[in-house]
Each structure stands twice: as C-alpha cells, then as structure tokens.
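> no FASTA, just this:
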C-alpha cells in the first residue's frame, strides 16, 4: 500500500509562488498516474494537474495552464507542483493522489490520497 505525504503549502500574496511536494512511501509507485486536486470550502474537489508516471505526460485544468507545472521524480517517488502567479481563487486545500485509472482528471481514477495541504493566497 502506497502512502502519500504532501508538504509545501502556506500563505502567499497574490502573484507569489509556492511549491508543493508529494512523497509516496511504502512501496515503489507502480500505478498509472499521480495528480493534484484542490478543494475550496463548500466546493467539490477539483482536478488541478496530473502526470502519467511511466512516460511523464502532463495534463492541467485550464485555469492553471501557464502558471502551474507538475513534475515527477521516479527515482525518489515524488511528484511536485510548482505554482507561480498565484491568485486568490487558487486558495484551497491541495491533495496529492495516486491511482491506476486512465481518466486522470477524474477523482475516480485515484485510489490513494494524501492528507491535504492548505494553500492560501491573499489579495
């Protein structure tokens, strides 16, 4: 069983940057993809970005394209989300996820989730 631990959240002013990291432990990740989702208060958990583990193909939700970059380090079993030009609407709890499903923008593709890390962007 893979466990996921996120780190790197915090408070930043609009226009600033944060880097989220997710470490997979327990065994070497052998699933299809790892991704990041976010959930703001009173809202559903939304897709942010994902990377297909074996080939490195990435996918982003439209609102973060050009600002966020997802990357993976297969040797270290980690995935990171570099977030630049942050906006107040990016404020949410960010969750790392790992899974075997092919619909990588859907929460249903993931069977393992981290505990979440808070990102707050002030205006």
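Okay, I see it. This one's a predicted model, so the numbers in the text were calculated from it and none came from an experiment. Residues are numbered from 1 along each chain as shown.
> what about the strands in the chain?
Listed in chain order, the strands of the chain (DSSP state E) span 3-7, 10-13, 18-25, 33-39, 45-52, 58-60, 68-73, 78-83, 92-99, 112-113, 117-122.
> Of those, which is nearest residue 106?
strand 45-52 (7.2 Å; CB to CB). (C-beta placed from N, C-alpha, C; glycine too.)
> Mean confidence (pLDDT) on stretch 26-41, please.
What stretch 26-41 shows for mean pLDDT is 90.
> Return the set of buried residues in it.
Buried residues in stretch 26-41, counted by 16 or more other CB atoms under 10 Å: 29, 31-38.
> on that earlier part again, do you know which of the strands of the chain lies nearest residue 105?
strand 45-52 (4.3 Å).
> low-confidence ranges in this structure?
The chain contains no residues with pLDDT under 70.
> show me the contacts for residue 36.
20, 22, 48-50, 70, 79, 81, 94-97 (CB atoms under 8 Å, 6 or more residues apart in numbering).
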